[in-house]
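Student: Predicted model and sequence follow; I will ask about them next.
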Amino acid sequence: MATDYAGEWIYKGTVTPRFDQWTQFPFASNDGNSIIRITGIGARPDKIISYGHLRVVYDVGNLNYSPWRRFYFSETPQIINLNTPEEVLINPTVIRHFQVKKTLKRAWRRIGTVEDEPWAVSLEGLAQTNLPADVLAALDGAPTRIINAGGSGNIVIVLTATEETTNG
């Protein structure tokens, strides 16, 4: 468990995303915290021609998928709010699995066969927060905000508006 300006983070695993195929992180959780931190690992950013999608799978009898969030490879940790549904928050037995996949950036889709630099991502979930109330309020229900959380300056909070509800 790592601790920084934002609070205590629980490690969920490291995976290498694949094109158009969801890859599951090794560690599931049953906490209801919706704030996660994703960090890019092991690539040269100037050689990457893809971006990632992150979603949560809720194990509630039949599988329910959260809307996905787009993210771009960055070695600087990105904090993303995945907005946990109310029914998951009130039921502590619901298991959450995190999944990621990658997609070619639009310009590269027209070229044909291209080589994308392999990259991996590490995922952590916020267990206990030290963030000020105004930062938490900005995270709640504001999917298009970019906030510098202060402190060491190493945390960038990125909440993207791109989401899609899918079941597959």
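Tutor: Thanks, I have the structure now.
Student: Show the low-confidence segments of this structure, by residue range.
Tutor: Along the chain, segments meeting pLDDT under 70 span 1, 32, 61-63, 106-114, 128-168.
Student: show me where it has helices.
Tutor: Here the chain has its helices, by DSSP state H, at 86-89, 106-109, 133-139.
Student: Going by neighbour count, list what's buried in the first one.
Tutor: In other words, helix 86-89. Across helix 86-89, burial judged by 16 or more other C-beta atoms under 10 Å covers Val88. Where you see a C-beta, it was placed from the backbone N, CA and C, and this is true even at glycine.
Student: Tabulate the CA atom coordinates of it in CSV.
Tutor: Provided in CSV are the C-alpha atoms of helix 86-89 (Å, rounded to 0.1, in the frame of the first residue of the first chain):
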residue,chain,number,x,y,z
GLU,A,86,-25.4,3.3,-5.7
GLU,A,87,-26.4,-0.4,-5.7
VAL,A,88,-22.8,-1.4,-5.5
LEU,A,89,-22.0,1.1,-2.7
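Student: Which strands or helices does it pack on?
Tutor: strand 50-60 (3 or more C-beta pairs under 8 Å, 6 or more residues apart in numbering; DSSP states H and E).
Student: The strand it packs on pairs with which strands, and in what direction?
Tutor: Strand 50-60 has the following strand partners under DSSP bridges: strand 62-65 (antiparallel), strand 69-71 (antiparallel), strand 95-104 (antiparallel).
Student: With distance to Glu8 as added columns, please give those strands in JSON lines.
Tutor: JSON lines is the format used below for these (distance: least, C-beta to C-beta, whole Å):
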{"stretch": "strand 62-65", "distance to Glu8": "27"}
{"stretch": "strand 69-71", "distance to Glu8": "22"}
{"stretch": "strand 95-104", "distance to Glu8": "18"}
